[in-house]
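[1] 3D, please:
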Amino acid sequence: MGTGQELYKKAKNLIPGGTMLLSKRPEMFLPDFWPSYFSRAKGCSVWDLDNNEFVDMSIMGIGTNTLGYGYDAVDTAVIETVKKGNMSTLNCPEEVYLAEKLIEINPWAEMVRFARSGGEANSISIRIARAASGRDKVAICGYHGWHDWYLSANHNGSDDLSSHLIGGLSPRGVPKNLKDTVFPFNYNNFNELLEIVNNNEIGVIKMEVLRNIAPEDDFLHKVRKLATDKNIVLIFDECTSGFRETFGGIYKKFGVEPDMAMFGKTIGNGYALTAVVGRKSVMEAAQSTFISSTFWTERIGPTAALATLKAMEEIQSWEIITSLGNVMREGWQQLADTNGLNITISGIPSLSTYSFDSDNYLEYKTFVSQEMLSRGYLASTNFYASIAHNKTNINLYLDSLNEVFSIISDCEKGHKNIKELLKGPVCHSGFKRLN
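    Have a look, this model is predicted:
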């Protein structure tokens, strides 16, 4: 057992859940064997606590580092900020410069508020939108964080959020009187949304522009028209999708503009910064409610975001990562076809995921992580692209994965038993208690 796993055993007794982020729990990848902690990271390489180097062909900091780890121009800007001072009684000018840049990128918007995490940005947008519309009820489509307003949907009846990324999320601790304040609807199901709006005093529609499937039958345009006709605030959550297919929101591909949008993850290349941009008529409502936090005023986040946006714009990073994502998807499908396996590929190209069409899909997912780790890769059944990746390391990764797929093919044919090939427990599929 490596140093990282030893430390993680200690962490589970010191930190509820073991980690701060569900998606980084070792149990989500390779229980008992995942390296768990890193000592340093650069480009698309990560070194564990035992100084073993792995090529990260998985989630790249949960999709935060599209420029790769330790991008020099961003880190240099941050180091200069640290030298000059990160906090003071006065405000940092970078937040004004960053607001100007985001409005330039989103010309329909006129005002911006900043935070440091996606959950915060989602909650800020909901507070402002409710204040602006004068109505409390929200229709949602997608994943929007961990706060009370969102998880309250699971008080409505069944596990309403199970179709919105993560099943089994308990609303325990969320006030029960928030029941029937948030109503999930399914993507591309406009009639479902229309019924929700017609039967409830909906003041806000909040949605991801897309995650796994593209809009059909003018879905986004219909949502926009409905929001306009009913005086509903339309929010696009671009915390995940932003700056991956355009310089800005993925909404730009579809010719639909929201009233508010949030950006996170990619905007600071691993440094904490999220933004809520919106029309002045909506954003001014922030002044009629209390939204304030000390560390939203620190200087590193805006500094990193300005440097990241500059680099993205110069190299057109969204085109690079989309191209690499498509190379990976083609490679996965070719390996599956060669080895007689059925897989389903989903997500946008730069955030691609595949799943095995088999009853043993979790065992196979665990086996992929186990075998690829031994070959020098952090890997699961996904690939979040960065400009630090290239076709060479993708091809080397695919060569190794072909060996793993060949063994999985033998298991599917009954020649081998996957349960006998696993060195530890099967990975988790979602939220579970650890002890």
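[2] Please enumerate the strands of the chain.
    Secondary structure of the chain (DSSP state E): strands at 38-42, 45-48, 53-56, 111-115, 137-141, 182-184, 202-207, 233-238, 260-263, 274-278, 343-346, 351-356, 377-378, 382-384.
[3] ok, the residue nearest to Leu30 when sequence neighbours are not counted - contacts?
    In space, and not counting its chain neighbours, Leu30 is closest to Ser369: 4.2 Å by Cβ to Cβ, 6 or more residues apart in numbering. (C-beta placed from N, C-alpha, C; glycine too.) Applying Cβ atoms under 8 Å, 6 or more residues apart in numbering to Ser369 gives the contacts Phe29, Leu30, Trp34, Ala379, Ser380, Cys427.
[4] Now rank those by neighbours and give me the top one.
    Comparing these on neighbour count, Leu30 comes out first with 29 neighbours (neighbours: other Cβ atoms under 10 Å).
[5] Quick check: it touching Val426?
    No - counting by Cβ atoms under 8 Å, Leu30 does not reach Val426; the two are 9.8 Å apart.
[6] who touches both of the two?
    The contact sets of Leu30 and Val426 overlap at Thr366 (Cβ under 8 Å, 6+ apart).
[7] quick revisit: what is the most widely separated pair among the contacts of Ser369?
    Within the contacts of Ser369, two members stand farthest from each other by Cβ to Cβ: Ala379 and Cys427, at 12.3 Å.
[8] what's the neighbour count on Phe243?
    Using other Cβ under 10 Å, Phe243 has 26 other residues around it.
[9] Give me the distance between it and Ile387.
    Computed with Cβ to Cβ, to the nearest Å, the distance linking Phe243 and Ile387 is 12 Å.
[10] quick one: common contacting residues for the two?
    Taking Cβ under 8 Å, 6+ apart as the contact criterion, the residues that touch both Phe243 and Ile387 are Thr66, Ser317.
[11] looking at the sheet around Glu53, what are its partners?
    Here Glu53 sits in beta bridges with Trp47, going by DSSP bridges.
[12] One more: Tyr354?
    According to DSSP bridges, Ile345 are recorded as the beta-bridge partners of Tyr354.
[13] just checking, Leu398 touches Gly331?
    Yes - the pair Leu398 / Gly331 is scored as a contact, 4.4 Å apart, by Cβ under 8 Å.
[14] can you count the residues close to the closest residue to Ala132 other than its chain neighbours?
    Among residues not flanking Ala132 along the chain, Ala285 sits closest, at 3.8 Å (Cβ to Cβ, 6+ apart). Ala285: 19 surrounding residues under other Cβ under 10 Å.
[15] Who are the contact partners of Ala285?
    Taking Cβ under 8 Å, 6+ apart as the definition of contact, the neighbours of Ala285 are Ile128, Ala129, Ala131, Ala132.
[16] Highest neighbour count among those?
    When neighbours are counted by other Cβ under 10 Å, Ile128 leads the contacts of Ala285 with 28 neighbours.
[17] And stretch 386-405, what's buried?
    Neighbour-count burial for stretch 386-405, counted by 16 or more other Cβ atoms under 10 Å, picks out Ser386, Ile387, Ala388, His389, Asn393, Ile394, Tyr397, Leu398, Ser400, Leu401, Val404, Phe405.
[18] Kindly apply the preceding question to stretch 336-352 instead.
    Applying a neighbour-count criterion of 16+ other Cβ under 10 Å, one finds Ala336, Asn339, Leu341, Ile343, Ile345, Gly347, Ile348, Pro349, Ser350, Leu351, Ser352 buried in stretch 336-352.
[19] For it, measure first residue to last.
    15 Å (Cα to Cα, to the nearest Å).
[20] how far does it sit from the chain's center?
    19 Å (Cα atoms, centre = their mean, to the nearest Å).
[21] residues in contact with that stretch?
    63, 66, 210-212, 240-241, 244-245, 250, 318, 321-326, 328-329, 332-333, 335, 353-358, 382-385, 402, 405-406, 408-409, 412-413.
[22] what's the first-to-last distance across stretch 332-343?
    Calculated as Cα to Cα, the first-to-last residue distance of stretch 332-343 is 9 Å.
[23] Likewise for stretch 43-52?
    15 Å.
[24] Repeat that for stretch 198-207.
    Stretch 198-207 has an end-to-end distance of 18 Å (Cα to Cα).
[25] can you check stretch 148-167 too?
    The separation between the terminal residues of stretch 148-167, taken as Cα to Cα, is 16 Å.
[26] same deal with stretch 84-91?
    First residue to last in stretch 84-91 (Cα to Cα) measures 13 Å.
[27] Give me the nearest residue to the residue nearest the centre of the chain, chain neighbours excluded.
    With distances taken as Cα atoms, centre = their mean, the residue of the chain nearest its centroid is Thr240 (4.2 Å). Using Cβ to Cβ, 6+ apart and skipping the chain neighbours, the partner closest in space to Thr240 is Lys265 (6.0 Å).
[28] Run a quick check on that neighbour versus Ser241, I expect a contact.
    No - in this structure, Lys265 is not within contact of Ser241 by Cβ under 8 Å, at 9.0 Å.
[29] Now do the same contact list for Leu373.
    Applying Cβ under 8 Å, 6+ apart, we find Leu373 in contact with Leu30, Phe33, Trp34, Pro35, Phe54, Ala379.
[30] Quick check, the third one in contact with Leu7.
    When you say that, I think you mean Trp34. No - with contact taken as Cβ under 8 Å, Trp34 and Leu7 are classed as non-touching, separated by 11.7 Å.
[31] how much space between Ser406 and Lys83?
    Taking Cβ to Cβ as the measure, Ser406 falls 53 Å from Lys83.
[32] neighbour-wise, which of the two wins?
    In this comparison of Ser406 against Lys83, neighbours counted by other Cβ under 10 Å, the higher total goes to Ser406 at 14 against 8.
[33] got the residue ranges for the helices in the stretch 301-435 of the chain?
    Counting by DSSP state H, counting those that start in this stretch, one finds helices in the stretch 301-435 of the chain at the ranges 317-338, 361-374, 391-412, 418-421.
[34] oh sorry, the question was meant for the stretch 101-250 of the chain
    Listed in chain order (using DSSP H, counting those that start in this stretch), the helices of the stretch 101-250 of the chain are 118-133, 148-151, 190-199, 219-229.
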